[in-house]
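[1] quick check, what structure comes out for this input:
(chains A and B)
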Number of protein chains: 2
Amino acid sequence: MKIENIDLSAYPNSEKVYLDGKIYPIKVGMRVVHQYPTVKIEDGRRIEYPNEDIYIYDTSGLYTDPNYKVNINEGLPRDRQKWVIDRDDTIEQEDITSEYGRARRDNKELDAIRFPKAHKPRKAKEGKRVTQMHYAKKGIITPEMEYVAIRENLDNEKRGIKSHITPEFVRDEVAAGRAVIASNINHPEAEPMIIGPAFSVKLNTNIGNSALSSGIEEEVAKAVWSCYWGGDTLMDLSTGDNIHETREWIIRNCPVPMGTVPIYQALEKVNGDVSKLTWDIYRDTLIEQCEQGVDYFTIHAGVLREHAQLVKDRLTGCVSRGGSIMTQWTVLHNQESFLYTHFDEICEILNKYDVAISLGDGMRPGSTYDANDRAQFLELDVLGELCKKAWEHDVQVLIEGPGHVPMHKIPENMERQKKVCDNAPFYTLGPLTTDIAPAYDHITSAIGAAIISNLGTAMICYVTPKEHLSLPDLNDVREGVITYKIAAHAADLAKGHPGASVRDNALSKARYEFRWKDQFNLSLDPEKAKSYYMDSRRNAPDANDRFCTMCGPNFCAMRISQNIEEKCKEY
Amino acid sequence: MKIENIDLSAYPNSEKVYLDGKIYPIKVGMRVVHQYPTVKIEDGRRIEYPNEDIYIYDTSGLYTDPNYKVNINEGLPRDRQKWVIDRDDTIEQEDITSEYGRARRDNKELDAIRFPKAHKPRKAKEGKRVTQMHYAKKGIITPEMEYVAIRENLDNEKRGIKSHITPEFVRDEVAAGRAVIASNINHPEAEPMIIGPAFSVKLNTNIGNSALSSGIEEEVAKAVWSCYWGGDTLMDLSTGDNIHETREWIIRNCPVPMGTVPIYQALEKVNGDVSKLTWDIYRDTLIEQCEQGVDYFTIHAGVLREHAQLVKDRLTGCVSRGGSIMTQWTVLHNQESFLYTHFDEICEILNKYDVAISLGDGMRPGSTYDANDRAQFLELDVLGELCKKAWEHDVQVLIEGPGHVPMHKIPENMERQKKVCDNAPFYTLGPLTTDIAPAYDHITSAIGAAIISNLGTAMICYVTPKEHLSLPDLNDVREGVITYKIAAHAADLAKGHPGASVRDNALSKARYEFRWKDQFNLSLDPEKAKSYYMDSRRNAPDANDRFCTMCGPNFCAMRISQNIEEKCKEY
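    The predicted model follows:
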């Protein structure tokens, strides 16, 4: 198996560099963009003024390290495993604990599609909790915490940019539940990252096949592709065949934390018959995925029996897949959801692997009409209750949010969430600010995502142009990721994230000086920026024209402006 | 000459309808989308419940009226001319007044590219002012005012939706300078529209050739194309050859108000030599364009000599073309700009034709770094002063705004503008909320445009994916318009524009009921929405599947949700 159809060479003049830890012997990867010098003619002489290197937060992992040879059948190196072992609070399991996991392993027919390398799962020692929150509450700074502190800061220290983000600060935020480092001990391939309002805004991408679509290879390619363009986490929402095997391939090759919605697979196990879902099946699914290395689970435990009645007053009912499944279950059984009644047990499973809970918003509005209604906010109250319960078990928590929300109703979502959930990181889908633009919902939602991130949302779930219409392909993934990088970065700038403006200012300087190649290389999508420019220029790629076709040579404001500067100097 | 390469059949199941005036015998065009019925099975019987017609604000003019036969060589019918003549305060000129205009007409070499039909220009009678503001201040409701009141409301009355927008309200807003109806008496082909914070948010599109690019035919096609997709006004920013003739073609075929930046053409007349620009050349250019029918002029009269010094403290200098030209002029001549010193004369020319002034922001920031700086806000103070001066001459005024502005600095722009310019309509470019995404600046700027529109900006100038890189083609125009329709509509929803949510709710209902065709037809870009859906379905276009490939049949939340509704009914 190999990654097909994806080209990982879109970042020219970039170099992979690693910054060293001070507390731990860790190496934190980032991307550096080298720039061309600024050329000036002074007293008839050509003088070159060098331009500084620009450090960029890098989610692509080893895929952009020229010293690393990609081998999908091998998976990424399991660097973080040593950190886990060093803590001496986990043990390697003799065998897979999950019944379903064992059955899949023993099924010879699956050999052809199975990830070739088996790893024995680890688990907390009896009586131990191995979550980052647990360590943080004890005052311990883990390598993961130092890692994310360095990663968030890039070269801020070297530049003398003041930053509130230190390993100690990270620890305190995680201890208080205001930030999450999703890092299952069985996913040591992932590079630690942090989700919280005090850090840079993160974006999640969704991949996954449905019954109608793509295969394993395509999903692995999509996973690597989304990390390459800037996805901070990845949710595998597969609902088709071979979910277990697909997930294994993705996790072993995934440099970012991965999330799932376990109820999807549980439902597959009962052939789509909601009435047959049971706590036992769900529980085994959780363990199966904990052992594989999923870093966070979306769990719709806030959907209560009483909420079902509220759905029928809505324009678009219940549009959360997990939420609609659980609502239907409570109606069919006329009893409270097993996710709610077994919530403590869930937490006690998760804190053995350090899997974070992302409390799903089963009642998120599917239209602007339904935004901020009773169903949505009643569920949020339940999520707040569950969040505090999870924290008692030292389980890290994200809170999921809407959905479709017109702009004037966005602030109430953030304010209520902060209050009800004691500042647990908010993780929203968009929100989409209007319903009238299918095929452009990456844009309707990027508007909402930028606004709500600026108000304090910690992670935004991307939306692709195919939302509401069909499954995204590679191009859609790229478009969705870049669009959400824009929303996240716009919020980082607005929130004053330390050093966030360095890249903007460098790109603007390059633009003003007609250093076209630097302008492209510093951009979110160098390839596309360059191709748009070249299409119209129809000349050599190293053209350093002092104008573009938008205004033509005589009307280039920046050129005229530089002339004015020259002129002003004369006075 | 004919319109090539553009297909005006992207709105299926739509009909052009006209609502009648009550005060005047006017007909206001809009688009109605017919919907399919909702089909339910009740007691084993198939019952069809009809769905209502949805009225949509329509900027496409007669191009979407099947009873109108497009003839580019003829131009659109000059329906509004009767209204102008009926006011009995204008006269038809015997000849073109502009010296340059006459020279172009008399140049036989231009016959091949000339618009074939000549119209004699009209002008106010001696001592008269013929602006909508003038009439409004006198308490007169013009047909234009009634027209825009009907247009803004669509079928609100029939639906019983309360609206503050009456012809009287329109008049009062125009009289107070809070709204603009740009409607040169020499552009009677245009359908009246209104720009003001109390009305639906409008979007402007830019077209225009530069020295390196497109010809007349392409520009006319782009103009019609941008109106077709939803552009409310159109600026012709041509700077290449034959500006005069290109403009004539566009105006005669343009159903929306058209704006220009006259200094561009003035500069062409002196072969790009800024030092040779004079008031006389500029004055003749204004008259030339007034006689052709340009509806509003961007005039960078707020750029003062003292501002030139401030440019050099910036990261990206002066990025406004007009602003950089005038700044250079003040530096070269070491005197105040003739646009500023002759401002009263400009107003006295414009109120003879009812051309509105769009006060250009020559000092708009070209990077987030330069946002809200001294140069920008000093110029804004001057614009406020000039705005009040123009109002004394009964000239309608728009105020142009930035540019590149990070989200946290957007509110100050709106607040200052409102205060300094006494609530004159604000007309902004974006703003772009980050600098790092060339090739995606329609998105970086749509975020800012939605936010600032929600705060009270009346019109937003679109940005296409080619911004900063090259001239947009037809696809870019479409992408830019749809993106800005999203921003504008998101703001309409948030501001509670009367009836704005009707379309969202209808589309959401169609989505929930799996009326795919209605979902497409009600969307901003039916063609693209449908094509994304069909690509993955690979079956007949009338497929009414109760799911999409995103989730597949078993995991469709909406389908499950409908089952829950059924189930809940049983209790």
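
[2] what's the spacing between the closest residue to A:P498 other than its chain neighbours and chain B?
    Counting by CB to CB, 6 or more residues apart in numbering or on different chains, the nearest residue to A:P498 once its immediate chain neighbours are dropped is A:S163, at 3.8 Å. All C-beta atoms are positioned from the backbone trio N, CA, C, and that covers glycine. From A:S163 across to chain B, the span is 18 Å (CB to the nearest CB, to the nearest Å).

[3] the closest residue to A:D476 other than its chain neighbours: what secondary structure?
    Nearest residue to A:D476, sequence neighbours excluded (CB to CB, 6+ apart): A:T464, at 4.1 Å. Under DSSP: H, G, I helix; E, B strand; the rest coil, the three-state class of A:T464 is coil.

[4] quick one: mean pLDDT over the lengthiest helix in chain A.
    Ranked by residue count, the top helix of chain A under DSSP state H comes out as helix A:474-495. The average pLDDT within helix A:474-495 is 97.

[5] and the next helix or strand past that helix?
    As assigned by DSSP states H and E, the chain's next helix or strand after helix A:474-495 is helix A:501-512.

[6] so that following helix versus helix A:474-495, what angle?
    Relative orientation of helix A:501-512 and helix A:474-495, computed by axes from the mean of the first three to the mean of the last three CA atoms, to 10 degrees: 110 degrees.

[7] do helix A:501-512 and chain B come into contact?
    Yes. Against chain B, helix A:501-512 shows contacts by CB under 8 Å from any CB of the partner chain at A:501, A:503-505, A:507-509, A:511-512.

[8] now do stretch A:279-294
    No. Judged by CB under 8 Å from any CB, stretch A:279-294 stays clear of chain B, getting no closer than 15.4 Å.

[9] now the helices for the stretch 351-500 of chain A?
    Listed in chain order, the helices of the stretch 351-500 of chain A (DSSP state H, counting those that start in this stretch) span residues A:374-392, A:410-420, A:441-454, A:474-495.

[10] and those as CSV, adding mean neighbour count?
    Shown next, in CSV, are the helices of the stretch 351-500 of chain A (neighbours: other CB atoms under 10 Å in any protein chain shown):
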stretch, mean neighbour count
helix A:374-392, 19
helix A:410-420, 19
helix A:441-454, 30
helix A:474-495, 25
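
[11] the ones you listed: which one's closest to A:R159?
    A:R159 sits nearest to helix A:474-495 of all the helices of the stretch 351-500 of chain A, at 16.0 Å, using CB to CB.

[12] so the residue nearest to A:P498, which state does it fall into?
    The three-state assignment at A:S163 reads coil, by three-state DSSP.

[13] tally of neighbours for it?
    Residues near A:S163, counting by other CB atoms under 10 Å in any protein chain shown, number 15.

[14] ok, now A:L315?
    For A:L315, using other CB under 10 Å, the count is 20.

[15] check contacts around it.
    A:L315 makes contacts with A:366-367, A:369-370, B:505, B:508-509, B:512, as judged by CB atoms under 8 Å, 6 or more residues apart in numbering or on different chains.

[16] mind showing which ranges of the stretch 401-550 of chain A have poor pLDDT?
    Filtered on pLDDT under 70, the stretch 401-550 of chain A yields the residue ranges A:538-550.

[17] quick one, what contacts the residue nearest to A:D476?
    Counting by CB under 8 Å, 6+ apart, A:T464 touches A:441-442, A:472, A:476-477, A:479-480.

[18] I'd like the average pLDDT over stretch A:371-379.
    97.

[19] wondering if it reaches chain B at all.
    No. Legend: contact between stretch A:371-379 and chain B by CB under 8 Å from any CB is lacking; minimum distance shown is 10.2 Å.

[20] so how far is that stretch from its chain's centroid?
    26 Å (CA atoms, centre = their mean, to the nearest Å).

[21] then stretch A:153-168?
    Worked out by CA atoms, centre = their mean, stretch A:153-168 lies 22 Å from the chain centre.

[22] same deal with stretch A:404-418?
    Once both centres are worked out by CA atoms, centre = their mean, stretch A:404-418 turns out to sit 21 Å from its chain's centre.

[23] repeat for stretch A:196-215
    Per CA atoms, centre = their mean, the centroid offset for stretch A:196-215 relative to its chain is 6 Å.

[24] ends of that stretch, what's the gap?
    For stretch A:196-215, the first-to-last residue distance is 34 Å (CA to CA, to the nearest Å).

[25] and stretch A:168-186, by the same measure?
    Separation of the first and last residues of stretch A:168-186 by CA to CA is 25 Å.

[26] ok, stretch A:150-170 next?
    Terminal residues of stretch A:150-170 are spaced 10 Å apart (CA to CA).

[27] cool, and stretch A:253-263?
    OK, stretch A:253-263 end separation, CA to CA: 23 Å.

[28] does chain B sit close to it?
    No. Using CB under 8 Å from any CB, stretch A:253-263 stays clear of chain B, with a minimum separation of 9.9 Å.

[29] quick one: that stretch to chain centroid distance?
    Relative to its chain's centre, stretch A:253-263 lies at 10 Å (CA atoms, centre = their mean).

[30] now that stretch: average pLDDT?
    Here stretch A:253-263 scores 97 as its mean pLDDT.

[31] also stretch A:556-563?
    74.

[32] do the same with stretch A:220-235
    On average, stretch A:220-235 scores 95.

[33] and the residue nearest to A:A488 when sequence neighbours are not counted, how far is that from chain B?
    Closest residue to A:A488 apart from its sequence neighbours, by CB to CB, 6+ apart: A:V201 at 3.9 Å. For A:V201, the distance to chain B equals 12 Å [CB to the nearest CB].

[34] residues in contact with A:V201?
    Contact analysis of A:V201 by CB under 8 Å, 6+ apart lists A:453, A:457-460, A:487-489, A:491-492, A:495, A:497.
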